[in-house]
Each structure stands twice: as structure tokens, then as C-alpha cells.
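Undergrad: test case, fold it:
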Amino acid sequence: MIMKKMNALLITLLLTLLFTQTSAAKTVQEMEKEVDFAIEKFKQEVQGGEKFLSKVKGYLVLPSVIKGGFIVGGKYGEGALRVKGKTKFYLSMSAASIGLQAGAQEYSMVIAFITESALKSFYKGNGWEAGVDGSITVAEWGVSKDISSISFEKPIVAFIYGEKGLMAGVSIAGTKFEQITP
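TA: As a prediction, the model looks like this:
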């Protein structure tokens with residue numbers, strides 16, 4: 001019974017991932033509202049989040065990343081790149097994977113560009129792919145740890161928060177980002 005439910009959930013998730021770009025096109029206003037909400041959620045859930053975001057050169061906000069798989073998996077999300085609090089452009093994030101995996105998950109993600117050169121590299125990259133050169137890390141912090149006091153060694157740091165669902169392991173390696181027009 002559990003396996004049938006997992007398969008049904010997986011099929012639904014994969015169909016959603018497949019048709020998200022074409023069938024659920026969002027308006028600029030909808031995207032902005034979702035991004036604003038995700039930033040507020042980040043500031044609430046991550047101690048020091050507001051101060052941290054004010055220090056970085058720019059940040060990418062993905063309000064809803066949907067991930068699922070059963071041996072073959074994928075993930076998809078849409079968001080915005082913000083510099084000094086203003087949206088520069090919208091983009092999508094997608095990835096496919098194969099291996100020992102099962103489940104479905106939804107989460108929000110903020111990718112912070114600590115240095116100006118990291119932000120410029122992202123701007124220049126057409127279809128930028130995360131995790132290729134090891135210059136990005138997924139941050140792990142304790143609930144009581146203030147992230148604005150942490151010194152990050154990598155020029156790009158990803159924060160994953162608001163997880164829902166059942167799927168072990170979150171990675172952004174091999175994830176492709178492409179500019180979109182809502």
C-alpha cells in the first residue's frame with residue numbers, strides 16, 4: 001500500500017516537474033510576491049538572516065523547489081536574483097539524478113554570493129551550473145547559531161530551509177540555472 005502511494009506521488013511530482021515551465025507560467029507580480037514571502041521566511045527561520053543578506057553582494061531566492069525520485073529523480077524551482085534588494089532577473093533551476101533515492105520533497109533555497117567576483121561570474125554564465133568547480137557550499141548551522149557571525153570560506157553559500165516531505169539528502173551539485181521571463 002505504501003509503495004503504491006509513493007509511486008502515485010512520484011508520478012504526480014514528475015509530471016509537475018515536466019510541465020511546470022509551460023503550463024504554470026507565473027506573472028512578474030506572482031513571482032515577486034513568492035520571492036518576498038520566501039525572504040521573510042528565511043529571515044524568520046534563520047537567526048541573523050536579515051543582517052547576513054544585507055552584507056552579501058547578491059542572492060538568489062527560490063521560494064519552492066520540488067524534488068522527487070525513485071531511482072531516477074529530478075528537481076525544479078523558479079526564483080529571482082536580487083542585488084541590493086532589487087530583482088535583476090528571474091530564473092529556473094533544474095536537475096536530474098540517478099541512483100539510490102526514493103521520495104518527494106519541497107523546500108525553499110537562498111543562494112548568497114559573498115564576493116563581487118562570484119556574483120559577476122554568475123551574471124556572465126549562460127546556463128550556470130552549480131557544484132562544478134567546488135566554489136559553492138550548502139550551509140549547515142544550528143538553530144541557535146547566528147549566521148551573520150559565521151565566516152564562510154566559499155564565495156557562494158546555499159541555505160535550504162522550510163523542508164517538507166520525505167527525501168534524504170539535499171544537494172545542489174550539477175544543478176542548472178537558466179534565465180526565464182515570467
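Undergrad: the nearest residue to Lys88 once chain neighbours are set aside: helix or strand, and which one exactly?
TA: Spatial nearest neighbour of Lys88, excluding adjacent residues (CB to CB, 6 or more residues apart in numbering): Leu81 at 4.9 Å. (C-beta placed from N, C-alpha, C; glycine too.) Secondary structure from DSSP states H and E places Leu81 in strand 58-83.
Undergrad: likewise for Lys26?
TA: For Lys26, there is no enclosing helix or strand under DSSP H and E.
Undergrad: now it: how far from Pro63?
TA: In this view, Lys26 and Pro63 are 10 Å apart by CB to CB, to the nearest Å.
Undergrad: between these two, which is the more surrounded one?
TA: Pro63 (23 against 15; other CB atoms under 10 Å).
Undergrad: quick one: contacts for that one?
TA: Glu34, Val35, Phe37, Ala38, Gly77, Glu78, Gly79, Ser108 (CB atoms under 8 Å, 6 or more residues apart in numbering).
Undergrad: from those residues, which single one is nearest Leu100?
TA: Closest approach to Leu100 among those (CB to CB): Gly77, at 23.1 Å.
Undergrad: burial count for that closest one?
TA: The number of residues packed near Gly77 is 24, by other CB under 10 Å.
Undergrad: quick one, helices of this structure?
TA: For the chain, the helices defined by DSSP state H occupy 2-23, 28-45, 49-55, 116-124.
Undergrad: where's Gly69 relative to Ala102, distance?
TA: Distance of Gly69 to Ala102, computed by CB to CB: 7 Å.
Undergrad: I should have written Phe89 there, sorry.
TA: For Phe89, the distance to Ala102 equals 35 Å [CB to CB].
Undergrad: ok, those two, which is more surrounded?
TA: A direct count of neighbours by other CB under 10 Å for Phe89 and Ala102 places Ala102 higher, at 16 against 12.
Undergrad: that one pairs with what?
TA: For Ala102, the beta-bridge partners under DSSP bridges are Phe70.
Undergrad: can you give me the pLDDT of it?
TA: Note on Ala102: pLDDT of 77.
Undergrad: could you do Ser97 as well?
TA: So Ser97 comes in at 76 (pLDDT).
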